[in-house]
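Below is the sequence, then the predicted model.
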Amino acid sequence: QVQLVESGGGLVQAGGSLRLSCAASGGTFSYYTMGWFRQAPGKEREFVAAILWSGISTYYGDSVKGRFTISRDNAKNTMLLRMNSLKPEDTAVYYCCAGRRFGVPLITDDTKYDYWGQGTQVTVSS
């Protein structure tokens, strides 16, 4: 059983930056594909980014490409999401997740991830 805890959310002005962290425990972190999803009020959960076990391969949703960077440190059981040039439409609860039983074509499918954190709120003011 893997436990995930997000941190680093908060309130920031448009154009600003935030860094989200996801700390994992209870499993072999390096076995898992790790991802970030977000959900705004009244909207479907949206894929943000994912990173494969090695940390070499990364994937991003179209709305965040070029602005967000995902990374992981398998030695520290930690994943980061650096968010730059934030926009009001980035406002959402951001969730960290982990899974290991699917291939890259399904990386944006939230139903394929087995473990989820409790979420952290990111609010971008205009």
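On my side now, so go ahead. Numbers count the residues shown, from 1 in each chain.

Contact partners for the residue nearest the centre of the chain?
Of all residues in the chain, the one closest to the mean position by CA atoms, centre = their mean is residue 36, 2.0 Å from it. Taking CB atoms under 8 Å, 6 or more residues apart in numbering, we find residue 36 in contact with 20, 22, 48, 49, 50, 70, 79, 81, 94, 95, 96, 97. C-betas here are computed from N, CA, C, even on glycine.

what's the answer for residue 29, then?
Counting by CB under 8 Å, 6+ apart, residue 29 has contacts 2, 72, 74, 77.

what's the closest of those residues to residue 15?
residue 72 (26.6 Å; CB to CB).

The residue nearest to the closest one when sequence neighbours are not counted and residue 44, how far apart?
Closest residue in space to residue 72, ignoring its immediate chain neighbours: residue 79 at 4.5 Å, by CB to CB, 6 or more residues apart in numbering. If you measure residue 79 against residue 44 using CB to CB, to the nearest Å, the figure is 23 Å.

out of those two, which sits in the more crowded spot?
residue 79 (29 against 8; other CB atoms under 10 Å).

Just to check, the more buried one is in contact with residue 55?
No - taking CB atoms under 8 Å as the definition, residue 79 is not a contact partner of residue 55, at 9.3 Å.

anything in contact with each of the two?
71, 72, 73.

Among those residues, which one has the most neighbours?
residue 72 (22 neighbours).

Following the chain past the strand or helix carrying that one, name the next helix or strand.
Using DSSP states H and E, residue 72 sits in strand 68-73. Next in sequence after strand 68-73, counting helices and strands by DSSP H and E, comes strand 78-83.
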